[in-house]
Structures are given as C-alpha cells and as structure tokens.
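K.L.:
pasting the structure only:
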C-alpha cells in the first residue's frame, strides 16, 4: 500500500479542482488536478503538455499563445489567460486553436490578414462557373 504525503509548499495554496478539457478532434477529454488560483494560461500549458505526453492526435503544438480555453456554460468568448481557473466556477472546458486572423492581430502582423486574389466569393464564383451574377 502506498502512502502519499502532501507537499509542504502546497499546503496553503487553496482548493484543488479536477477539471476536464476537451480538445476538438481528440478522442476524449484530458483530466487533471489544478489549484483554483492557477491562471488560465498555466492550465492551457499543462493541458498541452499532458496532451503531448499521452501521444494524442491531432498534434497541437506547445505554444500557449495559439490556443484559447472556452467554457461552454458561460458563452462564446474565450477565457482570459490572466484570470484564475477557480473564478469561473465550472470544471468542464474546451480547448481550441485561435483563428489565424486573431493570431496575426495579436502578433501585429497585418500581412497575414490580407487575402489572396480579389477576395470576394462572388468574384470566385464568377470565375469558376463563368456566369454573371447581378448585384442588387
């Protein structure tokens, strides 16, 4: 029988929570313990490391700036990386990659936002079907 000792430096950190993080396209959720005072950025980092350690697919990468943690119960906005995970009040989350345009805005790179070619669906449809679509 194994006996576990509580580490002395973790005694005053507060409550621990078992959270589940579902990654879009993965087989199932990742579950691990976090302190309720841990920042969302630290939780994303731990989730990415656990995901890679388990050898799950699809391969995500390890840069936490490319991901956002969502709470399905709260709404469509992602959680701020600077808020604590315990302040949300839930234990089930979803991890998504940020859209390319959002990453480019955060990096200050406007070249990645520009489209190739004319950029409109109507122009593409005209070229591909060789039809005229009148605008109203």
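P.N.:
That came in fine, so what should we check first? Owing to the predicted nature of the structure, the values given are computational and were not obtained by experimental measurement. Residues are numbered from 1 along each chain as shown.
K.L.:
tell me if I'm right that residue 71 and residue 88 touch.
P.N.:
Yes: using Cβ atoms under 8 Å, residue 71 is in contact with residue 88, at 5.7 Å. Backbone N, C-alpha and C define where each C-beta goes, glycine included.
K.L.:
spit out the residues that contact those two alike.
P.N.:
residue 79 (Cβ atoms under 8 Å, 6 or more residues apart in numbering).
K.L.:
go through this structure and flag its longest helix.
P.N.:
helix 40-53 (DSSP state H).
K.L.:
just the buried residues of that one, please?
P.N.:
Of the residues in helix 40-53, 40-48, 51 count as buried by neighbour count, 16 or more other Cβ atoms under 10 Å.
K.L.:
from these, which is closest to residue 75?
P.N.:
Nearest to residue 75 among those is residue 40, at 15.1 Å by Cβ to Cβ.
K.L.:
dump the residue contacts of that closest one.
P.N.:
Counting by Cβ under 8 Å, 6+ apart, residue 40 has contacts 69, 79-85.
K.L.:
roughly how far does it sit from residue 19?
P.N.:
Relative to residue 19, residue 40 is positioned 11 Å away (Cβ to Cβ, to the nearest Å).
K.L.:
need the overlap of contacts for the two.
P.N.:
With Cβ under 8 Å, 6+ apart, residue 40 and residue 19 have common neighbours residue 85.
K.L.:
quick check: residue 16 touching residue 32?
P.N.:
No: using Cβ under 8 Å as the test, residue 16 is too far from residue 32 to be in contact (10.2 Å).
K.L.:
how about the helices of the chain, start to end?
P.N.:
Using DSSP H, helices in the chain cover 40-53, 100-107, 121-129.
K.L.:
worst average pLDDT in these?
P.N.:
Mean pLDDT per stretch puts helix 100-107 lowest among the helices of the chain, at a mean of 60.
K.L.:
sorry, back to before: who wins on neighbours among the contacts of residue 40?
P.N.:
residue 85 (25 neighbours; other Cβ atoms under 10 Å).
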